[in-house]
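A.B. asks: after the sequence you'll find the predicted model.
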Amino acid sequence: QKEVEQNSGPLSVPEGAIASLNCTYSDRGSQSFFWYRQYSGKSPELIMSIYSNGDKEDGRFTAQLNKASQYVSLLIRDSQPSDSATYLCAVEGGGATNKLIFGTGTLLAVQP
Amino acid sequence: DAGVTQSPTHLIKTRGQQVTLRCSPKSGHDTVSWYQQALGQGPQFIFQYYEEEERQRGNFPDRFSGHQFPNYSSELNVNALLLGDSALYLCASSNDGEANYGYTFGSGTRLTVV
């Protein structure tokens, strides 16, 4: 059973701090990894993708991938109250469909 | 350019009834995937349609069925509704043959079964 594991949280950080969100996955063959942000009652929104080991930065967001450890993380710098949401880690499940396997998400609360 | 559109946005059904949800893919996309997201869970893959056929299916019973039309739009049908089918149903479109850069989801249909 291919799985994606996340700590459900809540992760509480003060405004302006760095939020660190983590994810592990079980399928060593996975090649594509994604972070989605989901506000309460809304659909998931793609915020980062990463395909190679190392770091990928986009504005205040940095995704980190370590395929040897089967570990993906998302760092949010200068956290804002508007970043408060559930962050979903998704891993491409392989096969012809490129389906995504999601974790259960981590709830992030940024305190003003 | 319209993104992925889903209808209806909300739906309330009674146990045992049948429901049809609709999805129009983003312009230029030919593949539609459906996901179910129960409260407090991540989205779970139901199935994917390409060239009007179901290409792959997740771990969902046969009560869940779908269809893709020649214009690439898609329907998700659920028969004999159970309380446990209450969830947010998400549609995502993509272009077959392109690398997976991550799906863009529609706004979803919130189904409540009472």
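C.D. replies: Arrived safely, thanks for sending. Keep in mind that this is a model prediction, so the values were computed, not measured.
A.B. asks: where does the prediction get shaky in the chain?
C.D. replies: Here I'm looking at chain A. Applying pLDDT under 70 to chain A flags the ranges A:1-2, A:94-97.
A.B. asks: ah, no, chain B please
C.D. replies: Chain B contains residues with pLDDT under 70 at B:1-2, B:97, B:99-100.
A.B. asks: quick one: secondary structure of the residue in chain B that chain A sits nearest to?
C.D. replies: Minimum separation of chain B from chain A (CB to the nearest CB) falls at B:Gly42, amounting to 3.1 Å. Backbone N, C-alpha and C define where each C-beta goes, glycine included. When classified by DSSP: H, G, I helix; E, B strand; the rest coil, B:Gly42 comes out as coil.
A.B. asks: that one reaches A:Ser8, doesn't it?
C.D. replies: No - if you go by CB atoms under 8 Å, B:Gly42 and A:Ser8 don't touch, sitting 10.4 Å apart.
A.B. asks: identify the contacts common to the two.
C.D. replies: Shared contacts of B:Gly42 and A:Ser8, defined by CB atoms under 8 Å, 6 or more residues apart in numbering or on different chains, comprise A:Thr104, A:Gly105.
A.B. asks: those two: which is more packed in?
C.D. replies: Set B:Gly42 next to A:Ser8 and count neighbours by other CB atoms under 10 Å in any protein chain shown: B:Gly42 wins out with 22 against 12.
A.B. asks: show me what contacts the more buried one?
C.D. replies: A:Val4, A:Leu88, A:Ala90, A:Phe102, A:Gly103, A:Thr104, A:Gly105.
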